[in-house]
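**Q** below: sequence and its predicted model.
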Amino acid sequence: MQHFHFIAIGGAVMHQLASHLKNQGNTITGSDDAIYEPAKSNLEKLGLMPEQVGWFPERITTDIDAIILGMHAKADNPELVKAQELGLKIYSFPEFVYEQCKDKTRIAVAGSHGKTSITSMIMHMLRVNHKDFDYLVGAKLDGFDFMVKTSENAPLMVIEADEYLTSPLDLRSKFLHYHPHIAIISGIAWDHINVFPTFDEYLETFRKFILSIQADGYLIYNTEDEILVEMVSQLKPSLHLIPYSPFAFKAEDDESILLHLDKKYPINVFGSHNFANLKSAFETGKIIGLTEIQILESFQTFQGAAKRLEKIYDDKEKQLTIFRDFAHAPSKVKATVKAVRERYVKRKIIGVFELHTYSSLQENFIEHYAHSLDAADVRILFLDEEALKIKNKQDLDETWLKAQFADTSILVFKDAAQLKEKINSEKTDNCVILLMSSGNFAGMSFDF
């Protein structure tokens, strides 16, 4: 049992790791300059919520076995500086995860979209088939206590492998630390322009990821992504290459049906992107020794990850359904709206998208959202004025935004009350409301 101190303990996954290590019997302390829900409540339950918000270098002492450093902290963080002065062991989050699984078979799920969904599918597949494994995933899943688990005995580690930067001391992508034996790349679409200012810089980090896969390892990659296919072809890695494309599927009596070898498997998730995600999980399962029947039957009980086309309301009599989705990058928004249209061909679709992330609010990036909402009948953009202030962004002109989305019919709102009023006025029977954001629509309630 060790004493770990978390610098930036309030992060979405950082606080989950802190909670997991606390439950293992370790001593956990931590600091942050801001802690929001649900991290605040989760930390309070385990007695890990710092007494004061802020950085306190006097808390950094030689009885700490290791520091775990979050990306939210800056390089001149006073606690970090003190830890360096004392010569303490300092891990970034991905470095610590790798240390916990360096003797395991590592499965890393990378890509600009679908990472959480694919990781969740693999975790569900392994659990249903009674496989012992550790994991790191970017959403809370039913049946799993935390978003991260490490142990001494599990032979497998499933990792949602993020391309964002490691820490203020290490400006490489997180996924370059994992050196997987089995890697999945779901596709590549430019994201995180605050740290990858050009598309080629973004591509380069994926090239490095492919080259970081263990010798004689496996690369499972999406053949629908021409850029990814070209990258693999140019690199010619010495790996077992497994290209994949979506399972055949159809909608039948408002159900999604996976089709394989003349058999039908009812599935709870929907959309062509999810049937591609399932195919990558399917290929992974075969590599680790599961039969096709074991894998496909496990998919039938998979309910999806939180905020990934998560059904938060469903009135079957009125045929009114509300979905919430984490979609924020252009490719994710387009795939999500397309999936809802494929599933609900005859329903009215109200698509609401909040421009919230740093990238989505950059004037030189917003044009990548052109036509991303086209499959919806009512198309709405929302900007939270407070979020704009926090990100030091000026107000964005409504006419200019419509031009960037290549759609003059898009409605633009900057007030949550007015947005809710508009959604309610558009709501009808035989309707789907799709809410897409990595934020929370300025705290708007979803009781439409």
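**A** Cool, the structure landed.

**Q** so what's the residue nearest the centre of the chain up against?
**A** For the chain, T116 is the residue whose C-alpha lies nearest the centre (C-alpha atoms, centre = their mean; 4.6 Å). Contacts were defined as C-beta atoms under 8 Å, 6 or more residues apart in numbering; by that measure T116 touches V137, G138, A139, E160, A305, R308, F326. C-beta: built from backbone N, CA, C; applies to glycine.

**Q** cutoff 10 Å now
**A** Neighbouring residues of T116 by C-beta atoms under 10 Å, 6 or more residues apart in numbering: 109, 137-139, 141, 147, 160, 162, 277, 304-308, 326.

**Q** repeat for F299
**A** With the criterion set at C-beta under 10 Å, 6+ apart, F299 makes contact with 121, 124-125, 128, 247, 258, 260, 265-269, 275, 278, 281-282, 285.

**Q** same deal with G271?
**A** 246, 249, 256, 277, 309, 335-343.

**Q** okay if I get the residues you listed as CSV plus distance to G439 and secondary structure?
**A** Output for those, formatted as CSV (distance: C-beta to C-beta, whole Å; DSSP: H, G, I helix; E, B strand; the rest coil):
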residue, distance to G439, secondary structure
P246, 29, coil
F249, 31, strand
S256, 28, strand
N277, 24, helix
L309, 17, coil
A335, 19, helix
T336, 15, helix
V337, 18, helix
K338, 22, helix
A339, 21, helix
V340, 20, helix
R341, 24, helix
E342, 26, helix
R343, 25, helix
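
**Q** identify, from the residues you listed, the entry nearest to K422.
**A** K422 has its nearest neighbour among those in V337, at 17.8 Å by C-beta to C-beta.

**Q** rewinding a little: between the contacts of G271, which sits nearest Q319?
**A** R343 (12.5 Å).

**Q** can you check the pLDDT for the residue lying closest to the closest one once chain neighbours are set aside?
**A** Among residues not flanking R343 along the chain, F270 sits closest, at 4.4 Å (C-beta to C-beta, 6 or more residues apart in numbering). Here the pLDDT value assigned to F270 is 90.

**Q** and E252, by the same measure?
**A** 76.

**Q** quick check: it vs P266, distance?
**A** 8 Å (C-beta to C-beta, to the nearest Å).

**Q** strands of the stretch 1-150 of the chain, residue ranges please.
**A** 3-7, 27-31, 66-69, 89-92, 105-110, 133-136, 148-149 (DSSP state E, counting those that start in this stretch).

**Q** so for the third one, mean pLDDT?
**A** Confidence for strand 66-69, expressed as mean pLDDT, is 97.

**Q** next: the last one.
**A** pLDDT averaged over strand 148-149 equals 94, rounded to a whole number.

**Q** from the contacts of F299, keep the buried residues only.
**A** 121, 124-125, 128, 247, 258, 260, 265, 267, 269, 275, 278, 281-282, 285 (16 or more other C-beta atoms under 10 Å).

**Q** surely I257 touches V269?
**A** No. In this structure, I257 is not within contact of V269 by C-beta atoms under 10 Å, at 11.8 Å.

**Q** what residues sit buried inside the helix or strand bottoming out on mean pLDDT in the chain?
**A** The least trusted helix or strand in the chain, going by mean pLDDT, DSSP states H and E, turns out to be helix 385-390, with a mean of 73. The neighbour-count check on helix 385-390 (16+ other C-beta under 10 Å) flags A387, L388 as buried.

**Q** which helix or strand lies directly C-terminal to that helix?
**A** With elements assigned by DSSP states H and E, the helix or strand that comes after helix 385-390 is helix 398-404.

**Q** and that next one, which residues are buried?
**A** L401, K402, Q404.

**Q** residues contacting the last one?
**A** Applying C-beta under 10 Å, 6+ apart to Q404 gives the contacts E363, F365, I366, E367, H368, Y369, A370, L381, L396, D397, I410.

**Q** show me the domain layout of the protein.
**A** 3-87, 96-299, 310-443 (automatic domain parsing).

**Q** the first one spans what distance, first to last residue?
**A** What that stands for is domain 3-87. Distance across domain 3-87, first residue to last, is 15 Å (C-alpha to C-alpha, to the nearest Å).

**Q** equivalent analysis for the last one, please.
**A** Between the opening and closing residues of domain 310-443 lies a distance of 18 Å (C-alpha to C-alpha).

**Q** then stretch 98-114?
**A** 22 Å.

**Q** assign a three-state SS to the closest residue to I322 other than its chain neighbours, would you?
**A** Nearest non-adjacent residue to I322, counting by C-beta to C-beta, 6+ apart: Y313, 4.0 Å away. Following DSSP: H, G, I helix; E, B strand; the rest coil, Y313 is assigned to strand.

**Q** test my guess that Y313 contacts L320.
**A** Yes. Contact criterion C-beta under 10 Å: Y313 and L320 qualify, at 7.3 Å.

**Q** higher neighbour count, those two?
**A** L320 (19 against 13; other C-beta atoms under 10 Å).

**Q** quick check: chain neighbours aside, which residue is closest to the more buried one?
**A** L320's closest residue in space is C431 (C-beta to C-beta, 6+ apart), at 5.4 Å.

**Q** got the phi/psi numbers for the one you found?
**A** phi -140, psi 150 (degrees, to the nearest 10).

**Q** likewise for G47?
**A** phi 70, psi 30.

**Q** I figured it hits K22, correct?
**A** Yes. If you go by C-beta under 10 Å, G47 and K22 touch, sitting 8.1 Å apart.

**Q** what sits against L136?
**A** Residues in contact with L136 (C-beta under 10 Å, 6+ apart) are 13, 16-17, 93-94, 97, 100-101, 108-109, 119, 146-150, 157-162, 174, 178.

**Q** give me the nearest residue to K338, chain neighbours excluded.
**A** A375 (5.2 Å).

**Q** what strand or helix carries the one you found?
**A** Assigned by DSSP H and E, A375 falls outside every helix and strand.

**Q** now do K279
**A** Here K279 is assigned to helix 272-287, by DSSP H and E.

**Q** quick one: the strands in the stretch 301-448 of the chain?
**A** Going by DSSP E, counting those that start in this stretch, the stretch 301-448 of the chain shows strands at 310-315, 320-325, 348-354, 378-382, 411-413, 431-436.
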